[in-house]
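K.L.:
below is the structure, and that's it, no one-letter string:
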């Protein structure tokens with residue numbers, strides 16, 4: 001039995017999901033951040049440290065202004081870009097059109113129209129993820145086409161680390177082979193598309209699954225499950241580096257020095273999926289990977 005098979009139940013109960021994805025009211029036990037990710041990305045204006053200097057009729061605060069050339073806006077080759085997201089519930093809970101990712105991309109490419117299609121399915125492993133590349137499917141009462149049929153410009157493949165079983169060397173090696181098979185399937189069926197490997201946020205062994213309907217893990221069970229998940233996330237990062245594929249790594253930035261996932265990024269309603277800041281972090285890392293590797297330019 002898949003040790004994470006109950007996670008799909010968690011998604012239904014701990015978060016409000018429609019056939020089109022997750023509704024905004026995800027964090028049931030925490031206050032929604034007042035400051036949005038877009039605001040956080042803006043460098044604050046420094047507080048003046050010198051008195052005003054009057055030159056003629058114009059008042060200048062602080063040092064005399066220095067003429068600066070505005071940073072040129074980055075542009076994509078195509079005016080409209082389609083991005084497909086493939087994964088389990090850790091991709092699904094970015095939302096049906098991943099608004100945080102769209103915002104992050106528009107901050108880099110303001111003149112590009114982005115269409116984001118989320119092919120994340122809760123409680124599924126990478127084998128079923130491979131199937132969704134070439135076959136349509138039904139999820140939460142809605143029908144979805146195959147990924148290949150929409151011919152995306154970019155496919156973002158998340159690790160499926162939260163829905164893999166077994167933490168022994170054989171299981172990890174098989175995960176590596178399945179990642180390779182996924183990449184081959186994408187390249188064969190969508191040869192023009194660019195691929196990004198994504199590693200989602202780190203889990204927390206102290207709180208994992210707390211508050212999720214239908215789940216009640218013991219202390220030792222939490223540690224075992226979290227240790228296994230982290231092995232798969234690490235494996236996805238190593239795979240991307242080995243194959244020289246663009247990597248969106250939210251795993252390591254969300255990992256604390258004690259080996260636990262930072263609760264800042266974890267939904268306190270189920271202690272598995274994203275908080276608002278966790279969703280923003282994942283979106284930021286995907287956008288940065290696309291831009292850093294100039295996949296659209």
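P.N.:
Received, thanks. It should be emphasised that the depicted structure is a prediction, and the values quoted were computed from it without experimental measurement.
K.L.:
tell me how many other residues surround residue 207.
P.N.:
When neighbours are counted by other CB atoms under 10 Å, residue 207 registers 19. Every residue, glycine included, has its C-beta placed from N, CA and C.
K.L.:
now the chain, which segments are flagged as low pLDDT?
P.N.:
1-72 (pLDDT under 70).
K.L.:
residue 138 and residue 145 touch, don't they?
P.N.:
No. Counting by CB atoms under 8 Å, residue 138 stays clear of residue 145, with 11.2 Å between them.
K.L.:
more neighbours: which of those two?
P.N.:
residue 145 (13 against 10).
K.L.:
which non-adjacent residue is nearest the more buried one?
P.N.:
residue 136 (5.0 Å; CB to CB, 6 or more residues apart in numbering).
K.L.:
now for the longest helix along the chain, which elements pack on it?
P.N.:
In the chain, ranked by residue count with DSSP state H as the criterion, the top helix is helix 219-242. Judged by 3 or more CB pairs under 8 Å, 6 or more residues apart in numbering; DSSP states H and E, helix 219-242 is in contact with helix 169-189, strand 194-199, strand 247-249.
K.L.:
circling back: how far away is the residue nearest to residue 145 from residue 95?
P.N.:
For residue 136, the distance to residue 95 (CB to CB, to the nearest Å) stands at 21 Å.
K.L.:
same check, this time on residue 297
P.N.:
26 Å.
K.L.:
over to residue 113?
P.N.:
18 Å.
K.L.:
looking at the two, which is more packed in?
P.N.:
residue 95 (23 against 13).
K.L.:
could you look up the SS state of the more buried one?
P.N.:
For residue 95, the assignment made with DSSP: H, G, I helix; E, B strand; the rest coil gives coil.
K.L.:
need phi/psi at it.
P.N.:
phi 100, psi 160 (degrees, to the nearest 10).
K.L.:
one more: the one 5 residues further on?
P.N.:
The phi/psi pair for residue 100 (degrees, to the nearest 10) reads phi -70, psi -40.
K.L.:
surely residue 132 is within a helix?
P.N.:
Yes. Assigned with three-state DSSP, residue 132 falls within a helix.
K.L.:
excluding chain neighbours, give the residue nearest to it in space.
P.N.:
Closest residue in space to residue 132, ignoring its immediate chain neighbours: residue 119 at 5.6 Å, by CB to CB, 6+ apart.
K.L.:
just to check, the residue nearest to residue 145 is in contact with residue 147?
P.N.:
No. Applying CB under 8 Å, one finds residue 136 not in contact with residue 147, separated by 9.7 Å.
K.L.:
which of these two has more residues huddled nearby?
P.N.:
residue 147 (25 against 12).
K.L.:
list the contacts for the more buried one?
P.N.:
Contact partners of residue 147, counting by CB atoms under 8 Å, 6 or more residues apart in numbering, are 84, 86, 117, 119, 132, 133, 134, 155, 186, 190.
K.L.:
of all those residues, which comes closest to residue 290?
P.N.:
residue 155 (11.3 Å; CB to CB).
K.L.:
quick check: which element contains that closest one?
P.N.:
With elements delineated by DSSP states H and E, residue 155 resides in strand 154-158, which encompasses its position.
K.L.:
buried sites along the host helix or strand of residue 291?
P.N.:
According to DSSP H and E, residue 291 maps onto helix 276-292. When neighbours are counted by 16 or more other CB atoms under 10 Å, the buried residues of helix 276-292 are found to be 276-291.
K.L.:
now find how far off-centre that helix is within its chain.
P.N.:
Offset of helix 276-292 from its chain centre (CA atoms, centre = their mean, to the nearest Å): 6 Å.
K.L.:
and what of stretch 273-289?
P.N.:
Relative to its chain's centre, stretch 273-289 lies at 5 Å (CA atoms, centre = their mean).
K.L.:
again, but for stretch 242-259
P.N.:
With CA atoms, centre = their mean as the basis, the mean position of stretch 242-259 lies at 11 Å from the chain mean.
K.L.:
same deal with stretch 73-86?
P.N.:
With CA atoms, centre = their mean, you get 17 Å for stretch 73-86.
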